[in-house]
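Asker: sequence and predicted model, in that order:
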Amino acid sequence: MNKIFLFFIVVLLSPPRVHSQTVPRSLSIFILAGQSNMAGRGGVYNDTSKNIIVWDGVIPPESRSNPSILRLTAKLEWEEAKEPLHADIDVNKTNGVGPGMSFANRVVNRFGKVGLVPCSVGGTKLSQWQKGEFLYEETVKRAKAAAVASGGGSYQAVLWYQGESDTVDFVDASDYKKRLVKFFNDLRSDLQHPNLPIIQVALATGAGPYLGEVRKAQLETDLENVHCVDAMGLPLEPDGLHLTTASQVRLGQMMVDAFFAIPSSAEIFSGFSVLVLFPLFFL
């Protein structure tokens, strides 16, 4: 075995290192995951003059940057959070405004400091988020890295918005509830938090004909401490699939309301909060 090959084996097996010299310890961690609407497509449009998809760059006041709101980059480094949160995560797509920053700007008033960990990837099916699959394992790795970086921070909730891609195929739609329950249970188990609060979004739109089946599964997970926010009726971009910037701001606020309605969530921590977002940086 040559030395170069041995070096790469050591690197791959080494635990992730997070640069966190300026980050407060004992952070509260929120996990956001899913596909394009969680990654953020608010303000994204087709520039017909150049025939490319672009983001308009408009950041509403509710989604502004704040020195007390950080995010974990794709390189597992902390930096001040700003839109688009998933620019280095959902790298094959054009990202815009999502629900993360409007959520964080309200949560920060309660927790003092917030850290976001983006993990979402557009166009992904729930089967790609199952334990053992790349998206799942990367999410767990980033979540654990965030906790290590905060000197043993505590997970406070998962924010989850996914499913549009599962409305295309009947089998995916039929198996959605089973896969969703397994995903939630596996994630809670791997993060060693069996009752971790999960705020999930019931779809506003779908890419196929089985929207009703997926929504029914989301609204009826029957798992303890899983709370559903319904995006149905929120205004959409012209593509008919993605939420507008204003809708993303509203959705983030709806998710905050659901989180703060959880018994004892108001006492969760006055330290640093970390949001782990699930549009992933790895595709």
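Answerer: Received, thanks. Numbering: from 1, shown residues only.

Asker: dump the residue contacts of residue 108.
Answerer: Counting by C-beta atoms under 8 Å, 6 or more residues apart in numbering, residue 108 touches 66, 68-69, 114, 273. Every C-beta, even on glycine, is put in place using the N, C-alpha and C of the backbone.

Asker: same thing but 6 Å
Answerer: Contacts for residue 108 (C-beta atoms under 6 Å, 6 or more residues apart in numbering) come out as 68-69, 114.

Asker: and it, which of the three is it?
Answerer: Three-state assignment for residue 108 (DSSP: H, G, I helix; E, B strand; the rest coil): helix.

Asker: could you check how far it is from residue 65?
Answerer: 11 Å (C-beta to C-beta, to the nearest Å).

Asker: same thing with residue 199?
Answerer: 23 Å.

Asker: who's more crowded, the two?
Answerer: Under the criterion of other C-beta atoms under 10 Å, the comparison of residue 199 against residue 65 puts residue 199 first, with 26 against 14.

Asker: show me what the helix or strand where the more buried one lies is packed up against.
Answerer: Counting by DSSP states H and E, the element that carries residue 199 is strand 198-202. Contact here means 3 or more C-beta pairs under 6 Å, 6 or more residues apart in numbering; DSSP states H and E; on that basis strand 198-202 packs against strand 154-161, helix 211-219, strand 226-230, helix 245-260.

Asker: flag the shaky bits of the stretch 101-250 of the chain, pLDDT-wise.
Answerer: Residues of the stretch 101-250 of the chain meeting the criterion pLDDT under 70: 152-153.

Asker: switch the cut-off to 90
Answerer: Along the stretch 101-250 of the chain, the parts satisfying pLDDT under 90 run over 108-116, 146-156.

Asker: cross the contacts of residue 108 against strands and list the overlap.
Answerer: Within the contacts of residue 108, residues falling in strands by DSSP state E are 69, 114.

Asker: nearest to residue 148, of the contacts of residue 108?
Answerer: Among these, residue 114 lies closest to residue 148 (C-beta to C-beta), at 17.9 Å.

Asker: the closest one touches residue 69, doesn't it?
Answerer: Yes: contact status for residue 114 versus residue 69: in contact at 4.7 Å, counting by C-beta atoms under 6 Å.

Asker: any shared contact partners between the two?
Answerer: In contact with both residue 114 and residue 69: 104, 108, using C-beta under 6 Å, 6+ apart.

Asker: so these two - more neighbours on which side?
Answerer: Set residue 114 next to residue 69 and count neighbours by other C-beta under 10 Å: residue 114 wins out with 29 against 24.

Asker: how near is that one to residue 159?
Answerer: Plainly put, residue 114 is 12 Å away from residue 159 if you go by C-beta to C-beta.

Asker: kindly report the same for residue 121.
Answerer: Residue 121 is 15 Å from residue 159, by C-beta to C-beta.

Asker: on that earlier part again, save the contacts of residue 108 as a markdown table, and put in distance to residue 49 too.
Answerer: Converted to a markdown table, these look like this (distance: C-beta to C-beta, whole Å):
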| residue | distance to residue 49 |
| --- | --- |
| 68 | 39 |
| 69 | 35 |
| 114 | 38 |
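
Asker: you'd agree residue 54 is in a strand?
Answerer: Yes: in this structure, residue 54 lies within a strand as judged by three-state DSSP.

Asker: return the most buried member of the helices and strands packed on strand 198-202.
Answerer: Among the helices and strands packed on strand 198-202, strand 154-161 has the highest mean neighbour count (mean count of other C-beta atoms under 10 Å), at a mean of 26.

Asker: I'm done for today, thanks for sticking with me.
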